[in-house]
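J.: need a 3D model of the following:
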Amino acid sequence: MSDPQPRGHRTLPRSRRFTYGVGHVLNDLCASMWFSYLLVYLHKVVNFSNVLAGQLLMVGQVSDALCTPFVGYESDRTRSGCGYGRRKIWHLIGTVCVACGFPFIFNLCITCSTSPDWAQFIYYVPFVVIFQFGWASTQISHLALIPDLASSPSLRVELNAIRYAFTVLANVAVYAIAWLLLGLEDRSNHHDLSPEDADEFRNLAFIAIGIGLFFSFIFHMGTNEPLRPHRAESVTEDQPNVQEDEENEPIIKKTRRRKMSWKCWLKEVQFYQVALLYMCTRLMVNMTQVYMPLYLTDTLNLDKAYIATIPLVTYLSGFLSSFAMKGVNKAVGRKMTFFLGVMCVLFACDWMWMPNIGLQVYGAAVLLGVGGSTVLVTSLSMTADLIGENLESGAFVYGAMSFTDKLSNGLAVTLVQTLHPCSDEKVMCKQAPCDSTTSVCCDACQSYYQQVMVYVPGGVGLLALLVLATLIWKPIGIKTEVTECQMESSAEHVPVEYGAIKSTPHVEPSDDNTDVTCDA
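T.: Numbers count the residues shown, from 1 in each chain. Down below sits the predicted model:
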């Protein structure tokens, strides 16, 4: 039984908000392992050099970056997904690819674990590409469903917050299971990561895939995608355009708006501003996630169990703060909320710059969790605001945002790994030869990841504030005027869904009854 719908609004029952929110759990579980443990797994378990480990991660990021615009463009072009829904069909394809490719990445090379590093590298590449294509398909289709399902800005923020809450829970699950596998084993023989921990990473990958597939099943069973986007609607909380006539039949009034193609978006200044803001957000969140385990083991010399407990604290803090996102956004606005999130990240970087902070790193982890959660939820809401009513090209916008995210992260990781003092352990370190019997080569290596954790997210945070300053004077989502445009009617006899009841609306004539289509 669907929840009652208020007049003039298209809302979602709570059950459908839940089923939508769990649709990205599989991706979140795999992404948590990918960013948190791939480098440390390849370097300390598979025994790849720093450069080779960074290059494999780069292959994945570039594959993802190239796939996201393609998936977004094709998702927008897909008519109805054979009646299943154009977004859900791409989500299903992505789920299958992720489930098939990801387990091989965190397994030692089958029948070739003693082969040269370059041969193992080639072995891993196809599985990385398959996984990243599936990840991109699932991510873009899931994000593109937000404007399709939610008509009001506050509901979009809520869906983003629910989505991020499950992202946090997925990360918490990964770190909790990793702690059980790594932290509770018999550590009398070794407390550092080594090839002996290969089975723990393999089991963690299989558990993540199993949990993710369960929640993907719930998403596909419980989420009903509108078979056609509500192109003619321009619904807000203050001024709904979906009305009812005297016979309580839904009416769509024709409104004047721009129909945006991908070429139109490339002419929008705000498109690049929001994309740069989203890229900075992902760099802050992902780079701290990638290098936190190495910072803990190499710089702070903590036990390997801390690579699970510290990230766990980070994501629990982010999870708790995500509940306040809707209220904070409503109270101070998107831009001020984003500013506060960046400041939390900057304070955390300043804290980690202190030498030998030891277990004070828990405090920095809390700030990283709150700040990361805030900027991520807010930047996604800004992207939804940018799309606005232009649902016909929403997936392309999300794909373009993700393109900047994945490519920048891959380049950043590759650069960091290349600049490592011991980028190749067969070469002399800058200060002394590497000692394979210890987890840290030399003093330069020990302080390197501290510099990475401070300068990279800190510098990116300052860049994000500069980009935010360029958006202060103009609301996000206001499109520039088109000098040459093609006029065509926007109102169609499309079903308008109110909960479980679908009606075919009447179209009320209006003097201003046209769409504005960008002339590409």
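
J.: could I get the helix or strand K326 falls within in PDB with only the CA atoms?
T.: Using DSSP states H and E, K326 maps to helix 325-332. Extracted in PDB, the C-alpha atoms of helix 325-332 (Å, rounded to 0.1, in the frame of the first residue of the first chain):
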ATOM      1  CA  MET A 325      22.500  16.900   6.000                       C
ATOM      2  CA  LYS A 326      18.900  17.700   5.100                       C
ATOM      3  CA  GLY A 327      18.400  20.100   8.000                       C
ATOM      4  CA  VAL A 328      21.800  21.800   7.600                       C
ATOM      5  CA  ASN A 329      21.200  22.300   3.800                       C
ATOM      6  CA  LYS A 330      17.800  23.800   4.500                       C
ATOM      7  CA  ALA A 331      19.100  26.000   7.300                       C
ATOM      8  CA  VAL A 332      22.300  27.500   5.800                       C
END
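
J.: for the longest helix seen in the chain, the averaged confidence score.
T.: Criterion DSSP state H: the longest helix present in the chain is helix 117-149. In this model, helix 117-149 has a mean pLDDT of 90.

J.: about what we covered before: what pLDDT, on average, does the helix holding K326 get?
T.: Helix 325-332 shows a mean pLDDT of 82.

J.: starting at the chain centroid, how far to that helix?
T.: The chain centroid and the centroid of helix 325-332 are separated by 21 Å under C-alpha atoms, centre = their mean, to the nearest Å.

J.: buried set for that helix?
T.: Within helix 325-332, the residues scored as buried using 16 or more other C-beta atoms under 10 Å are 325-326, 328-329. All C-beta atoms are positioned from the backbone trio N, CA, C, and that covers glycine.

J.: show me what the longest helix of the chain is packed up against.
T.: Packing partners of helix 117-149 (3 or more C-beta pairs under 8 Å, 6 or more residues apart in numbering; DSSP states H and E): helix 14-21, helix 25-44, helix 50-77, helix 86-105, helix 153-178, helix 361-387, helix 394-418.

J.: if we can go back for a sec, pull the residues that contact the helix holding K326.
T.: For helix 325-332, the surrounding residues in contact (C-beta atoms under 8 Å, 6 or more residues apart in numbering) are 154, 157-158, 160-161, 164, 337, 340, 373-374, 377-378, 381.

J.: could you give the angle of that helix to helix 153-178?
T.: Here the directions of helix 325-332 and helix 153-178 differ by 140 degrees (axes from the mean of the first three to the mean of the last three C-alpha atoms, to 10 degrees).

J.: buried set for the next helix or strand after helix 325-332?
T.: Downstream of helix 325-332, the first helix or strand assigned by DSSP H and E is helix 334-352. Across helix 334-352, burial judged by 16+ other C-beta under 10 Å covers 334-335, 337-342, 344-349, 351-352.

J.: quick one: low-confidence parts of this structure?
T.: Within the chain, the stretches with pLDDT under 70 are 1-11, 80-83, 183-192, 227-258, 391, 423-444, 479-520.

J.: hang on, Y291 packs against Q417?
T.: No: counting by C-beta atoms under 8 Å, Y291 does not reach Q417; the two are 10.1 Å apart.

J.: neighbour count for these two, which is higher?
T.: Between Y291 and Q417, Y291 has the larger neighbour count (other C-beta atoms under 10 Å), namely 25 against 21.

J.: which entries within the contacts of helix 325-332 meet the buried criterion?
T.: Buried among the contacts of helix 325-332 by 16+ other C-beta under 10 Å: 157-158, 160-161, 164, 337, 340, 373-374, 377-378, 381.

J.: what would those residues look like in TSV with distance to P226?
T.: Listed next are those as TSV, based on distance: C-beta to C-beta, whole Å:
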residue	distance to P226
V157	20
E158	18
N160	19
A161	22
Y164	23
T337	29
L340	35
S373	29
T374	30
V377	24
T378	26
S381	21
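
J.: most widely separated two among these?
T.: E158 and L340 (19.1 Å; C-beta to C-beta).

J.: give the residues shared as contacts by Y291 and Q417.
T.: Jointly contacting Y291 and Q417 under the rule C-beta under 8 Å, 6+ apart are L39.

J.: now do the SS call for N203.
T.: Secondary structure, DSSP: H, G, I helix; E, B strand; the rest coil: N203 is helix.

J.: count the neighbours of it for me.
T.: 15.

J.: leaving out chain neighbours, which residue sits closest to it?
T.: Closest residue to N203 apart from its sequence neighbours, by C-beta to C-beta, 6 or more residues apart in numbering: L181 at 6.2 Å.

J.: surely the one you found is in contact with E200?
T.: Yes: counting by C-beta under 8 Å, L181 touches E200, with 4.2 Å between them.

J.: quick revisit: out of the buried ones among the contacts of helix 325-332, which comes closest to H43?
T.: Ranked by distance to H43 (C-beta to C-beta), the buried ones among the contacts of helix 325-332 are led by S373 at 28.4 Å.

J.: quick one: that closest one and M325, what's the gap?
T.: S373 sits 8 Å away from M325, going by C-beta to C-beta, to the nearest Å.

J.: ditto for V345
T.: Distance from V345 to M325, by C-beta to C-beta: 16 Å.

J.: same thing with V168?
T.: V168 sits 12 Å away from M325, going by C-beta to C-beta.

J.: who touches both of the two?
T.: In contact with both V168 and M325: S373, using C-beta under 8 Å, 6+ apart.

J.: wait, A198 touches N47, no?
T.: No: the pair A198 / N47 is not scored as a contact, 10.6 Å apart, by C-beta under 8 Å.

J.: buried sites along the longest helix of the chain?
T.: Buried residues in helix 117-149, counted by 16+ other C-beta under 10 Å: 120-121, 123-124, 127-149.

J.: redo the contacts of helix 325-332 as a markdown table? Include distance to A469.
T.: Listed next are the contacts of helix 325-332 as a markdown table, based on distance: C-beta to C-beta, whole Å:
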| residue | distance to A469 |
| --- | --- |
| S154 | 25 |
| V157 | 22 |
| E158 | 28 |
| N160 | 23 |
| A161 | 25 |
| Y164 | 25 |
| T337 | 15 |
| L340 | 15 |
| S373 | 22 |
| T374 | 18 |
| V377 | 21 |
| T378 | 15 |
| S381 | 19 |
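
J.: and which of those is nearest to L266?
T.: S381 (22.5 Å).

J.: residues touching that closest one, list them.
T.: 153, 156-157, 160, 329, 334.

J.: G369: which of these is nearest?
T.: N160 (17.0 Å).

J.: ok, the closest one to V172 distance?
T.: N160 is 19 Å from V172, where distance means C-beta to C-beta.

J.: picking that back up, and the buried residues of helix 325-332, which two are the farthest apart?
T.: Longest span within the buried residues of helix 325-332, C-beta to C-beta: K326 and V328, 7.5 Å.
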